[in-house]
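Visitor: below are the sequence and a predicted model; questions follow.
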Amino acid sequence: MPRSALSVRPLESGRRYLFLFGLQTTGALIIIRVALPIYRAVVADPAAHQVRVDRTIWALVAVALMQAGFWLRHRLQPPLPRFRNALIGYVIWFLGRMSFLLATAIFGFVFLAQKPQFQIPASSYFLTLAGLFSFFCYTQEVERLAKSLIGRRPEPAGSDEK
């Protein structure tokens, strides 16, 4: 007798959520891997920075992965994992916040504390903003997952925490 669609769906939905979260995490790791050395080099010597095509391509791939994972998860609304563990939840939440520190440091350097010797093309500013927005979306998703693991009910996607 064939299995009913109802018996298969929860497992498939859980895998779908993990796959989409994995896309976002992969994109975040790519950005960290590419951006952190650039950030360190630019802080040390802003005038020596040169935009490289390979880094731009990796950044575009990372932003695409993060945005695709976030917006597909937003549209499909797969259920969060039913597993509960407060320690793992808080560790994930902490890691999400720590990863966003890199994004805020980059924002501060590029847009707030501009150095005259640091010059990048306008397209790089757009890519930087796209990457920062992607990290914002990823942080929202990490917080939803962490709250689910801790046992707190996460707010619906797109709502603000009060």
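Guide: Alright, I've got the coordinates. In this text the structure is predicted, and so the values were computed from the model without any measurement.
Visitor: tell me the secondary structure at the nearest residue to Y17 once chain neighbours are set aside.
Guide: Nearest residue to Y17, sequence neighbours excluded (Cβ to Cβ, 6 or more residues apart in numbering): P78, at 4.0 Å. In this view, the C-beta of every residue, glycine as well, is placed from N, C-alpha and C. Secondary structure assignment for P78 (DSSP: H, G, I helix; E, B strand; the rest coil): coil.
Visitor: identify each buried residue in the longest helix along the chain, please.
Guide: If you go by DSSP state H, the chain has its longest helix at helix 5-44. Across helix 5-44, burial judged by 16 or more other Cβ atoms under 10 Å covers 14, 16-17, 20-21, 23-25, 27-28, 30-32, 34-35, 39, 42.
Visitor: residues contacting the residue nearest to Y17?
Guide: S13, G14, R16, Y17, L20 (Cβ atoms under 8 Å, 6 or more residues apart in numbering).
Visitor: from those residues, which is closest to I92?
Guide: Nearest to I92 among the contacts of P78: Y17, at 13.8 Å, using Cβ to Cβ.
Visitor: which strand or helix spans the residue nearest to the spatial centre of the chain?
Guide: A centroid search over the chain (Cα atoms, centre = their mean) returns Y138, at 3.1 Å, as the residue closest to the centre. Using DSSP states H and E, the element containing Y138 is helix 122-150.
Visitor: for that helix, what is the distance to the chain centroid?
Guide: Here helix 122-150 is found 4 Å from its chain centre; the criterion is Cα atoms, centre = their mean, to the nearest Å.
Visitor: elements contacting that helix?
Guide: Helix 122-150 sits against helix 5-44, helix 53-76, helix 86-107, with contacts defined as 3 or more Cβ pairs under 8 Å, 6 or more residues apart in numbering; DSSP states H and E.
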